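Colleague: Predicted model follows, preceded by the sequence.
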Amino acid sequence: MSPQSWTSWGQTAKVWPGRNWPLGATWTPESTNFAVYSPNATGVTLCLFDDDGSERQYELTEHSQGIWHGALPDIAPGQRYGYRVDGPWDPDNGFRFNPHKLLLDPYGLATSGTIIAEQPIYGAREDDPAVRDDTDSAGYTGRSVVVDPSFDWEGDTPMKRRWRDTVIYELHVKGFTKLHDRIPEHLRGTYAGLAEPAVVEYLRDLGVTAVELLPVQQFFSEPALLERGVVNYWGYNTLCYFAPDASYSSSGDRGQQVAEFKHMVKSLHRAGIEVILDVVYNHTAEAGPNGPTLSFRGFDDRGFYKRVIAEDGGFDDRYWDVTGCGNTVNTWNPLALRLILDSLRYWVTEMHVDGFRFDLMSALTRTGYDVDFQNALLIAIDQDPILRHVKLIAEPWDTSMDGYLVGKMPPPWVEWNDKYRDTIRDYWRGHAPIRDVATRLAGSSDLYADDGRSAYNSVNFITAHDGFTVRDLVSYDHKHNEANGEDNRDGTDNNRSWNHGVEGETDDPDILALRRRQAANLMVTLCLSNGVPMLTAGDERGRTQGGNNNAYCQDNEISWLDWRPDDAWLDVYEITKAALKLRREHPALRQRHWFEGRPIIKDGPNDLAWMHPDGRAMRSADWHDHHLRTIGMFLSGKPLREPGPRGEQQMDASFLLWFNAADHAVDITLAMQEWEPAGRVALSTDPEIAVGAVYPAGGTFRIGARSVVVLESA
């Protein structure tokens with residue numbers, strides 16, 4: 001589309017005064033109210049777009065408290081719109097108003113179209129960023145959409161499942177469903193595809209209780225990626241915080257994506273599966289100060305993005321970036337804070353989601369430059385009667401050194417625990433001290449017990465979207481990111497992986513058998529550790545990315561889950577499913593209280609005991625034995641420390657979990673004691689030890705190299 005002056009288009013018409021709340025486009029059969037915040041603007045024009053692309057303009061003359069507003073009658077749901085905002089062009093003072101740039105509504109509930117990576121989407125000239133670019137962007141960017149919010153939820157209500165009963169499954173809407181042969185082809189890669197019975201049944205049968213969706217708030221790919229012919233597949237480049245991403249809609253982008261998303265949530269809820277959103281409030285798709293002008297930059301660049309603090313106390317237009325994406329959202333700004341809170345509440349109350357995982361949460365916790373746990377956002381969420389009761393997960397770091405906050409987030413937040421990830425990865429490749437392994441298995445009390453939190457404040461994970469899959473973790477020593485087009489420089493080199501003798505795929509049956517056993521070891525360890533387990537989609541089936549540990553731009557078979565059975569590690573699937581079933585059926589394996597290493601009742605067994613292969617309790621010197629790779633974890637269920645819902649004493653089976661990361665078989669002596677006369681094998685990754693085998697107290701058995709065996713009181 002050739003550029004043209006925006007002033008040559010459309011018509012100017014009278015607008016009803018409307019009101020300055022709520023922000024966004026609020027539809028009723030009588031009229032639609034439009035309200036947008038732009039405190040330093042000198043003029044705001046509402047632009048409506050017809051199906052043929054023609055533009056009609058309506059000047060908003062009413063404004064109060066920095067909000068421009070007006071109402072129009074006879075607007076139908078599905079109407080596309082945007083804004084043009086006039087005001088000073090003074091980048092040195094944070095004013096980047098440019099009426100030639102069509103802006104998406106920050107509170108828009110849906111979007112239509114996408115961006116085209118060409119010069120018109122930029123507010124300044126490429127050859128001189130101080131000079132405004134006056135080419136029109138309407139032909140190169142998306143539109144906001146008026147939405148009818150009505151939907152029949154059929155009585156759907158929040159499940160509010162307890163953290164200790166939660167098993168999270170991180171997945172990508174498109175990647176999980178795109179190749180699924182039991183989903184109708186036109187629904188693959190969409191919200192509707194994720195709601196299909198074949199998908200829902202798979203999740204329920206596996207034993208997960210919550211899906212954590214990679215970003216589904218409307219995002220746009222960075223222009224630099226589009227110019228390379230790739231996209232931001234993961235979606236960590238949000239722009240519209242109220243709108244479900246239209247690219248995952250099978251039904252259209254004129255508001256149909258909203259109803260389709262709601263249908264997906266309702267379908268998952270019916271199966272007992274909660275929906276958690278991975279949200280990216282720390283930065284936006286507008287990148288650095290010379291990035292595109294798509295929304296916030298054109299309304300309130302000075303207020304929305306965090307700036308370097310000027311030494312003289314004046315204004316400094318340099319962005320302060322601890323996200324690595326060019327900008328950091330300024331949560332100290334009242335309207336930026338309001339937008340985040342309004343967005344979160346919208347997804348809970350209107351879209352019925354059950355919680356959020358906050359990307360780079362540390363970037364949002366700052367007052368000025370400093371991490372501040374009394375900052376406005378954390379306090380506001382904690383005081384909010386809606387938000388404080390949903391699941392809140394922090395990725396407790398950003399790109400700065402002082403932003404690493406694992407173990408430090410205040411209640412009610414739970415955290416991604418990368419210390420768990422690193423320790424367990426190291427253990428199964430023979431590198432972690434046994435004392436560190438025990439701490440992680442028992443819930444990471446070193447991180448969470450000192451401030452009154454529980455083991456479930458640790459979200460345990462072995463892998464996530466960012467990094468190797470489990471299969472690649474046991475198949476590659478090094479990353480192989482050549483397909484990303486960055487000369488294999490991107491992605492971490494700290495993989496803590498082991499290829500077991502051959503880099504990448506192999507036909508060697510011994511190596512393949514060992515890799516699959518190691519994958520099973522990792523999955524069983526994750527499922528049975530104290531805390532909240534998070535699985536990454538496909539790990540239970542042996543999904544591979546061919547050694548790519550940063551597949552953020554791979555919207556193709558590298559990232560999509562291959563559902564064909566011929567290459568699936570179905571043995572790993574079966575043991576993962578069995579481990580989750582064991583966890584679900586036995587509260588002894590998902591305890592809320594910290595273990596105390598002493599009896600719960602007089603003359604009873606300790607609630608937790610660490611066992612040496614020799615059949616005795618671990619001694620102080622054992623914890624510093626750098627050659628020890630085998631440990632037993634006894635969990636007493638007779639009784640549990642936690643009372644039942646009416647205060648009753650709870651009884652469960654007791655368990656003895658043996659972990660052997662040594663490269664050789666180890667003889668295990670089962671301690672002679674009066675509480676558990678025998679143990680029945682409930683789970684085993686050792687091919688020589690069958691489920692159902694019984695071993696008496698005082699007896700011995702041999703656990704194979706690199707194996708897990710779980711004994712249940714018989």
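Modeller: Everything's here; your move.

Colleague: for stretch 156-172, which positions count as buried?
Modeller: Within stretch 156-172, the residues that qualify as buried are 158, 161, 163-164, 166-172, counting by 16 or more other Cβ atoms under 10 Å. Placement of C-beta: from N, CA and C, glycine included.

Colleague: Name the nearest of these relative to Thr135.
Modeller: His172 (35.2 Å; Cβ to Cβ).

Colleague: Thought Ser559 was touching that closest one, still the case?
Modeller: Yes - His172 lies in contact with Ser559 (Cβ atoms under 8 Å); the separation is 7.0 Å.

Colleague: Give the residues shared as contacts by these two.
Modeller: Tyr233 (Cβ atoms under 8 Å, 6 or more residues apart in numbering).

Colleague: surely Leu570 meets Arg541?
Modeller: Yes - the criterion here is Cβ under 8 Å, and Leu570 meets it with Arg541 at 7.2 Å.

Colleague: residue nearest the centroid of the chain?
Modeller: Asp278 (3.5 Å; Cα atoms, centre = their mean).

Colleague: Quick check: the gap between the nearest residue to it once chain neighbours are set aside and His431.
Modeller: Distance criterion Cβ to Cβ, 6 or more residues apart in numbering; nearest residue to Asp278, sequence neighbours excluded, is Arg357 at 4.8 Å. Distance of Arg357 to His431, computed by Cβ to Cβ, to the nearest Å: 29 Å.

Colleague: Looking at the two now, which is surrounded by more residues?
Modeller: Between Arg357 and His431, counting by other Cβ atoms under 10 Å, Arg357 is the more crowded of the two (26 against 14).

Colleague: Just give me how far the helix or strand hosting that one sits from the chain centre.
Modeller: Taking DSSP states H and E as the criterion, Arg357 maps to strand 355-358. Strand 355-358 sits 7 Å away from the centroid of its parent chain (Cα atoms, centre = their mean, to the nearest Å).

Colleague: what does it contact?
Modeller: Contacts for strand 355-358 (Cβ under 8 Å, 6+ apart): 210, 212, 274, 276-279, 281-282, 344, 347, 364, 390-395, 416.

Colleague: Mind checking which of these are in strands?
Modeller: 210, 212, 274, 276-279, 391-394, 416 (DSSP state E).

Colleague: Go through these and say which is closest to Thr536.
Modeller: Nearest to Thr536 among the ones in strands among the contacts of strand 355-358, counting by Cβ to Cβ, is Glu212 at 9.5 Å.

Colleague: ok, what's across the strand from that closest one?
Modeller: When bridges are called by DSSP bridges, Glu212 pairs up with Glu170, Ile276.

Colleague: and it, what does it touch?
Modeller: Shown in contact with Glu212 (Cβ under 8 Å, 6+ apart): 168-171, 276-278, 357, 393, 534.

Colleague: which sections of the protein are below the confidence cut-off?
Modeller: Under the criterion of pLDDT under 70, the regions of the chain flagged as low confidence span 1-13.

Colleague: between Leu570 and Arg541, who's got more neighbours?
Modeller: Arg541 (23 against 12).

Colleague: Identify the residues contacting that one.
Modeller: Contacts of Arg541 by Cβ under 8 Å, 6+ apart are 561, 568-570, 572-573.

Colleague: can I get the buried residues of stretch 156-172 in JSON lines with distance to Met401?
Modeller: Formatted as JSON lines, the buried residues of stretch 156-172 follow (distance: Cβ to Cβ, whole Å):
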{"residue": "Pro158", "distance to Met401": "38"}
{"residue": "Arg161", "distance to Met401": "36"}
{"residue": "Trp163", "distance to Met401": "30"}
{"residue": "Arg164", "distance to Met401": "33"}
{"residue": "Thr166", "distance to Met401": "31"}
{"residue": "Val167", "distance to Met401": "33"}
{"residue": "Ile168", "distance to Met401": "28"}
{"residue": "Tyr169", "distance to Met401": "32"}
{"residue": "Glu170", "distance to Met401": "26"}
{"residue": "Leu171", "distance to Met401": "31"}
{"residue": "His172", "distance to Met401": "30"}
